[in-house]
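In: Test case, fold it:
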Amino acid sequence: MIKKFIDKLFGKTDGTASGARRAKKSPFGKRQDIDVKDHGINVKLVDERAMDVVRTLKQAGFQAYVVGGAVRDLLVGLRPKDFDVATDATPEQVKSLFRRAFIIGRRFRIVHVIYGRGREHEVIEVSTFRAHLDNSLAEQVGGNERTSKNQLAGMKHAVDASGRVLRDNVWGPMEEDAARRDFTINAMYYDPETQIVVDYHNGIADAQNKIVRMIGDPALRYREDPVRIIRAVRFAAKLSALGFQFEEKTVAPLKAMRGLLADVPQSRLFDEMLKLLQTGHAQASIDQLKLLGLGTGIYPLLDVVVDMADDPFLKLALQDTDRRVGEGKPVAPSFLLSCVLWRDVRKGWDKRLNQGENTMPALQDAIDEAFNARIGDVSGRGKLGIDMREIWTLQPRFEKRVGNAPYALLDQPRFRASFDFMRLRAEIGEIDPALADWWETFSTAYDDKRQDMIDEIRESQKKKPQTPRVRVKREKAPADDLSDAPSSAAAAPGAGEAAAPDFEAGDSAPAKKRRRRRRKPVEGSADAASSSAEQGEATRADGSDQ
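Out: A predicted model of the protein is given here:
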């Protein structure tokens, strides 16, 4: 009794109690090794290339585990789309072990190990265990990634004035790496060779209880990396069908801390937006954004998507994207963004057509207007923007189904994406569904069948009553100018001036200059040779004879 009183007075406790207190205060959690009989992961679902990366690293004497979302998906019975690997090897050591490996990133240096080539290639992302550091002790810069680029060049751990981590490249042990990950269900490590899952933060329990929980203080973690706000939405959307819900403390700061995203580079927000819309849960992501009060203010194009979520065309496009992802088919950002902006393009196009503009110039101007209003400098002027333009500008060409036009359209690199776009337009009744059916058959038919289809279209067009050609009434030239005009070019050297009416000073000039019809020169005249030469120049310039 007296000994206990003295120990209490001097703050002494027995070894067991002291160890328990230290474990409780540790931010690194307690390591648990879960056997296959308890976690139930089917190792056959692990990508063979990820297995090869793990095997190669372990044979070289390093630790290596499949980590993150792939482990989470395997635990809940989903087939992972991507596989990431974590190791205690540095990026340089990882790169040296693989023939096709590249170190990327500044904020987080990681290695991409490439398998295969072309469109079928696979990337296994390999990261090095990172140390869990106190951000209050990190080096601080006053600007951001761009304005402080030179200052950040030599730093391994740096934050900006708001506490957002700009550099995090200090290596550490696995337990510290687990502590610096975001959600408990993403902080588990799986060894496919031993089939052991290493868990420091009760991620398996949260997966079984269907809880999305942030490791550590949620507000602090969102401040370190505001993109975690978007990641939280994406995980909730992906797992909502399985009954997952946010822990209250994790979801509480989301709306209030949305303003932190203003400091994140636009290119990174653009990529995160694409992940929301192209990972097979686009509609669920939009529902989560609305539910959490995040429908606006994350990224301008995402605001458009949320606002237009009930638009029949975009809704069909999002469903089609989710279907393709579910079937393991590739999806292109250009196609989905073409669908997002189509309402703006179509509105501008119709407006210009109603004003009498020609089809293609009107469409091009409408596209430029939509780009300037919605995309600005982010991706709209690069390859993504070029692909979107091609999808849109090929739409009028589907109406041309005679001559060589159908064959030329089939040879276009973006034909398939443009056809899929046109098919969606047909499904909502924007164009005749028979047009989509015709092109579906034509694109898969043999040449003789294709020619028969073209001939049928030509014959059907001949049978249709021809719309009378409407001639635009032109202003008549003054009688004095035309009465004395000679009938031949040879007799009228100044005919070029007499072909259009003269205007006195003070009269308003016509809005558009009329093209003068070129007259055939009289044979044997002195000007015949020069007129013939001028005719050839006009042909090359205009592309057709007058």
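In: Show residues contacting the longest helix along the chain.
Out: Scanning the chain for the helix with the most residues, using DSSP state H, yields helix 333-354. If you take Cβ atoms under 8 Å, 6 or more residues apart in numbering as the criterion, helix 333-354 is touched by 274, 277-278, 301, 304-305, 308, 311, 313-314, 317-318, 321, 359, 361-363, 365-367, 369-370, 373-375, 384, 387-388, 391-392, 417, 420-421, 424. Yep, even glycine has a C-beta here, placed from its N, CA and C like the rest.
In: What lies in contact with stretch 27-42?
Out: Contacts of stretch 27-42 (Cβ under 8 Å, 6+ apart): 23, 43, 71, 74-75, 132, 175-176, 178-179, 190, 195-202, 204, 216.
In: Pull out the buried residues from the residues you listed.
Out: 71, 74-75, 132, 175-176, 178-179, 190, 195-202, 204 (16 or more other Cβ atoms under 10 Å).
In: I'd like to know which of those residues are part of strands.
Out: Among the buried ones among the contacts of stretch 27-42, the members falling in strands (DSSP state E) are 190, 196-199.
In: Nearest to Pro265 among those residues?
Out: Checking those against Pro265 by Cβ to Cβ gives Tyr190 as the nearest, at 31.9 Å.
In: check contacts around the closest one.
Out: 41, 46, 65-67, 70-71, 74, 196-198.
In: Swap in 7 Å and give it another go.
Out: 41, 65-66, 71, 197 (Cβ atoms under 7 Å, 6 or more residues apart in numbering).
In: Most widely separated two among those?
Out: With distances taken as Cβ to Cβ, the most widely separated pair in the contacts of Tyr190 is Ile41 and Tyr65, at 12.4 Å.
In: Trp392 contacts Ile367, correct?
Out: Yes - with contact defined as Cβ atoms under 7 Å, Trp392 counts as touching Ile367 (5.8 Å).
In: So for these two, which residue has more residues nearby?
Out: Trp392 (23 against 20; other Cβ atoms under 10 Å).
In: so what pLDDT did that one get?
Out: At Trp392, the pLDDT value in this model is 97.
In: OK, contacts around it?
Out: Neighbour list for Trp392: 338, 345, 363, 367 [criterion: Cβ under 7 Å, 6+ apart].
In: Give me the three-state assignment for Val111.
Out: strand (DSSP: H, G, I helix; E, B strand; the rest coil).
In: wait, it sits on Ala101?
Out: Yes - between Val111 and Ala101 there is a contact under Cβ under 7 Å: 5.4 Å.
In: where do the contact lists of the two overlap?
Out: Joint contacts of Val111 and Ala101 (Cβ under 7 Å, 6+ apart) are 94-95.
In: between those two, which one's more packed in?
Out: Val111 (26 against 17).
In: tell me the contacts of the more buried one?
Out: By Cβ under 7 Å, 6+ apart, the neighbours of Val111 are 91, 94-95, 101-103, 126.
In: So which of these sit within strands?
Out: Going by DSSP E, the strands hold 101-103, 126 from these.
In: Which one (most neighbours) among these?
Out: Val126 (27 neighbours).
In: Bridged to it, which residues?
Out: Note on Val126: beta-bridge partners Val85, Val111, judged by DSSP bridges.
In: Tell me how far the residue most central in space within the chain lies from Lys275.
Out: Nearest to the geometric centre of the chain sits Pro333, at 3.7 Å (Cα atoms, centre = their mean). Pro333 sits at a distance of 10 Å from Lys275 (criterion: Cβ to Cβ, to the nearest Å).
In: do the same with Ala237
Out: On the measure of Cβ to Cβ, Ala237 and Lys275 end up 10 Å apart.
In: So these two - more neighbours on which side?
Out: Ala237 (23 against 12).
In: Just to check, that one is in contact with Gln288?
Out: Yes - Ala237 is in contact with Gln288 according to Cβ under 7 Å; the separation is 4.6 Å.
In: if I look at Lys44, how far off is Gln59?
Out: 22 Å.
In: Who has more neighbours out of the two?
Out: Gln59 (10 against 7).
In: okay, that one: pLDDT?
Out: Reading off the model, Gln59 has pLDDT 97.
In: tell me the contacts of it?
Out: Gln59 neighbours (Cβ under 7 Å, 6+ apart): none.
In: sorry, back to before: including pLDDT, could the contacts of Val111 go into CSV?
Out: Below are the contacts of Val111 laid out as CSV (pLDDT from 0 to 100):
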residue, pLDDT
Pro91, 94
Val94, 97
Lys95, 96
Ala101, 95
Phe102, 95
Ile103, 94
Val126, 97
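In: Out of these, which is nearest to Trp439?
Out: Phe102 (40.6 Å).
In: May I ask you to confirm that that closest one is in contact with Ile110?
Out: No - assessed by Cβ under 7 Å, Phe102 is found out of contact with Ile110, at 9.6 Å.
In: Run through the stretch 351-500 of the chain and note the low-pLDDT ranges.
Out: Applying pLDDT under 70 to the stretch 351-500 of the chain flags the ranges 376-381, 466-500.
In: now do the chain
Out: 1-26, 118-120, 133-163, 165-166, 168, 376-381, 466-546.
In: show me the contacts for Ala309.
Out: Ala309 touches 286, 315, counting by Cβ under 7 Å, 6+ apart.
In: What separation do you get for it and Gly280?
Out: In terms of Cβ to Cβ, Ala309 sits 17 Å off from Gly280.
In: what do you get for Ala89?
Out: Taking Cβ to Cβ as the measure, Ala89 falls 32 Å from Gly280.
In: Of those two, give the one with the bigger neighbour count.
Out: Ranked by neighbour count (other Cβ under 10 Å), Ala89 and Gly280 place Ala89 first, with 22 against 19.
In: Can you tell me, leaving aside adjacent residues, what's nearest to the more buried one?
Out: Leaving aside its sequence neighbours, Ala89 sits nearest to Phe62 (Cβ to Cβ, 6 or more residues apart in numbering; 4.2 Å).
In: how many other residues sit next to that neighbour?
Out: 17.
In: change the start of the numbering to 45 and stick with it
Out: Sounds good: first residue 45 from here, last item Phe106.
In: Backbone dihedrals for it, both of them.
Out: The phi and psi values for Phe106, taken as degrees, to the nearest 10, are phi -100, psi 160.
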